[in-house]
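>>> A predicted structure for the sequence below; I have some questions about it.
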Amino acid sequence: MSTSFTYNSASTSGELAQVTFPYLGYIGWQYGTESLEDNHSLRAVTGRSLYWSSTPGVRSYTLTRDSGGATEFVPQSRTLVDATANATKVWTFDQTANASQGLVASYSEQQTTPSLTPRLTNYTWAQDSAGNSFISQIQTISDPGKTYAVTKQVGQTLDQYGNVTQTLLYNFSNLTTPAKTYTNTYASYGAMYGGVPGLNSTFVLNRLLTSTVANGTTTVTLASNTWAGCVSTTPMPGLTLQDGNGPLWPLCQATTPGQVRNYQYDLGGNLIYTDDGTSTHSVSATMSSATNYAAPSAITTASSLTTSLNWNAFLAPTQSTGPNGDVNATAYNSTTGRPTTTTGPYGAVTTYTYSNTAPQVIATTNGSCVELSSASAYRSSRLRTLR
């Protein structure tokens, strides 16, 4: 089975003309040369064909641009026609000679015959303080031009780092005053903060501090986060591949309406403690040098219930011991990494064998329970028999 590629003649363009897949479906492309202002020309896809079976056969798409041609630096519009679906999609582009030139101005979904436009989307662009363009408003009009047309409008503001600082949602009946306003603030610390390299100097620029929503009369805080002061200074002997300062700016506390979550980390960046604002509702993790601190050796609740864990060289769990002394163990094939046996807390031993043909996995528990597992490209089936 193979995938083949066909190209146009090297003496013309050498462009990719068709990709044929193992089961003889294919995608093909047609090309043309577009003329732009100042005698510039641009090669572009003018059509695409898609075939996956004799029914429905070859499905063709055409891509065209407006007729402005050599009088434009960028096309005014692009049109995609799907003849099989009787559907047309049209994009228009800003022609203003500034930073917005060439940016999408509108997108419409149309029925080709008879002509009908059920949806039109208009885009407004702005620039942040760094001069980066972003979409500041989107209007989606259902049934444009009809007496029953309705418009959905959303606005947003971004800071110079691309973070959304404000989102405005409008009711269909009022596109002037937002029904809801979401406001976000982000952490911004200088070169150093509390002896740790600051957010700005380490290019960590997207740490959300607060998020609120207002409807004009009431403001609710949706989230309030803290990002400093929760990294343990306890040494981790033998730890490799870390910079000595621990994780930079991890989440320390997350507060949402009616809920608080506290977090603590070790110098390797592992989460070693969390609670819900009450120390009696906590879970802590103990990390081990045996795994280079990559996996916990024990997990303990506030009521001192501890589960101990052991891992192999590729960090697969080999044994877990619960608070009441129950032990689960797993052994693995050293070559494939697949489980070969598992032993339950009551002594039941399950062995696993594998095959490249169905059933791919056979699991036998104490010689009396057999589980057969097989998979195809589309589904997985399982059969269990008890003897």
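Sure, I can see it. Numbering: from 1, shown residues only.
>>> so T307 bridges to which residues?
Under DSSP bridges, the beta-bridge partners of T307 are I299.
>>> how many other residues sit next to it?
The number of residues packed around T307, counting by other CB atoms under 10 Å, is 14. Bear in mind the C-beta positions are built from the backbone N, C-alpha and C, glycine included.
>>> let's have the chain start at 110 instead
Got it, the first residue is 110 from now on, which makes the last one we talked about T416.
>>> and the gap between it and A407?
Distance, T416 to A407, by CB to CB, to the nearest Å: 7 Å.
>>> got it, and Q469?
For Q469, the distance to A407 (CB to CB) stands at 35 Å.
>>> Let me see the residues that make contact with whichever helix or strand T451 is part of.
Under the criterion of DSSP states H and E, T451 resides in strand 448-452. Contact with strand 448-452 is made by V436, N437, A438, T439, A440, Y441, N442, V458, T459, T460, Y461, as judged by CB atoms under 8 Å, 6 or more residues apart in numbering.
>>> Show residues contacting the helix or strand just after that strand.
Using DSSP H and E, the helix or strand that follows strand 448-452 in sequence is strand 458-463. Under the criterion CB under 8 Å, 6+ apart, residues 445, 447-453, 469-475 lie in contact with strand 458-463.
>>> Could you check strand 458-463 and say which residues are buried?
T459, Y461 (16 or more other CB atoms under 10 Å).
>>> For ChimeraX, write the selection for the buried entries among the contacts of strand 458-463.
A single ChimeraX command selects the buried members of those (16+ other CB under 10 Å):
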select :448,451,470,472
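>>> What residues are bridge-paired with V340?
Y374.
>>> and it, how many neighbours?
Residues near V340, counting by other CB under 10 Å: 21.
>>> What's the separation between it and A258?
55 Å.
>>> likewise S186?
Distance from S186 to A258, by CB to CB: 21 Å.
>>> Can you pick out the residue with more neighbours from the two?
Shown here are S186 and A258; by other CB under 10 Å, S186 has more neighbours (16 against 11).
>>> Identify the bridge partners of the more buried one.
T201.
>>> Is it in contact with S176, as I believe?
No - taking contacts as CB atoms under 8 Å, S186 lies outside contact range of S176: 9.7 Å.
>>> what's the span of stretch 211-228, first residue to last?
22 Å (CA to CA, to the nearest Å).
>>> If you could redo that for stretch 405-423, that was the one I meant.
For stretch 405-423, the end-to-end distance is 14 Å (CA to CA).
>>> List the buried residues in that stretch.
For stretch 405-423, by 16+ other CB under 10 Å, it's P405, S406, I408, T409, S417, L418, N419, W420.
>>> which intervals of the chain have sub-threshold pLDDT?
Flagging of the chain using pLDDT under 70 yields the residue ranges 119-120, 178-179, 298-310, 352-353, 478, 483-496.
>>> Could I get the full set of strands for the stretch 160-309 of the chain?
168-174, 186-191, 196-202, 213-220, 225-236, 242-251, 259-267, 273-278, 289-295, 301-302, 305-306 (DSSP state E, counting those that start in this stretch).
>>> got the contact list for stretch 384-401?
345-349, 368-371, 375, 377, 379-383, 402, 404-412, 420, 424.
>>> Determine how far that stretch lies from the middle of the whole chain.
28 Å (CA atoms, centre = their mean, to the nearest Å).
>>> Return the set of buried residues in it.
Judged by neighbour count using 16+ other CB under 10 Å, the buried positions of stretch 384-401 are D384, S391, S393, A394, M396, T400, N401.
>>> Tabulate those (CSV), appending secondary structure.
Formatted as CSV, these follow (DSSP: H, G, I helix; E, B strand; the rest coil):
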residue, secondary structure
D384, strand
S391, strand
S393, strand
A394, strand
M396, strand
T400, helix
N401, coil
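>>> and those residues, which two are the farthest apart?
D384 and N401 (26.8 Å; CB to CB).
>>> one step back: which of the contacts of strand 458-463 sits closest to A192?
Distance to A192 across those (CB to CB) is lowest for Q469, with 44.1 Å.
>>> tell me the domain ranges of the protein?
Listed domain ranges for the chain are 110-192, 435-496 (source: automatic domain parsing).
>>> Just list whatever residues bridge to T364.
Applying DSSP bridges, one finds that T364 bridges with S333, V369.
>>> Distance of it relative to V340?
Distance from T364 to V340, by CB to CB: 19 Å.
>>> check contacts around the closest residue to R157 other than its chain neighbours.
With sequence-adjacent residues excluded and distances taken as CB to CB, 6 or more residues apart in numbering, R157 is closest to Y170, at 4.6 Å. Y170 sits next to G156, R157, S158, L159, L189, V190, D191, A192 when contact means CB under 8 Å, 6+ apart.
>>> Phi, psi for the third one please.
Note on S158: backbone dihedrals following degrees, to the nearest 10 are phi -120, psi 140.
>>> what's the offset of stretch 286-296 from the middle of its chain?
For stretch 286-296 - counting by CA atoms, centre = their mean - the centre lies 23 Å from the chain centre.
>>> Now do the buried residues in it.
P287, T290, Y291, T292, N293, T294, Y295, A296.
>>> What lies in contact with that stretch?
Under CB under 8 Å, 6+ apart, the answer for stretch 286-296 is 264, 268, 270, 272-280, 308, 314-325, 331, 336, 358.
>>> Buried only: go through these for me.
Among the contacts of stretch 286-296, those buried by neighbour count (16+ other CB under 10 Å) are 264, 268, 270, 272-273, 276-279, 308, 316-317, 320, 336, 358.
>>> tell me the two of those that are most distant?
Y279 and W358 (34.9 Å).
>>> if we can go back for a sec, for the strands of the stretch 160-309 of the chain, please prepare CSV with the additional fields distance to T142.
Shown next, in CSV, are the strands of the stretch 160-309 of the chain (distance: least, CB to CB, whole Å):
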stretch, distance to T142
strand 168-174, 12
strand 186-191, 16
strand 196-202, 19
strand 213-220, 23
strand 225-236, 29
strand 242-251, 29
strand 259-267, 37
strand 273-278, 40
strand 289-295, 46
strand 301-302, 56
strand 305-306, 52
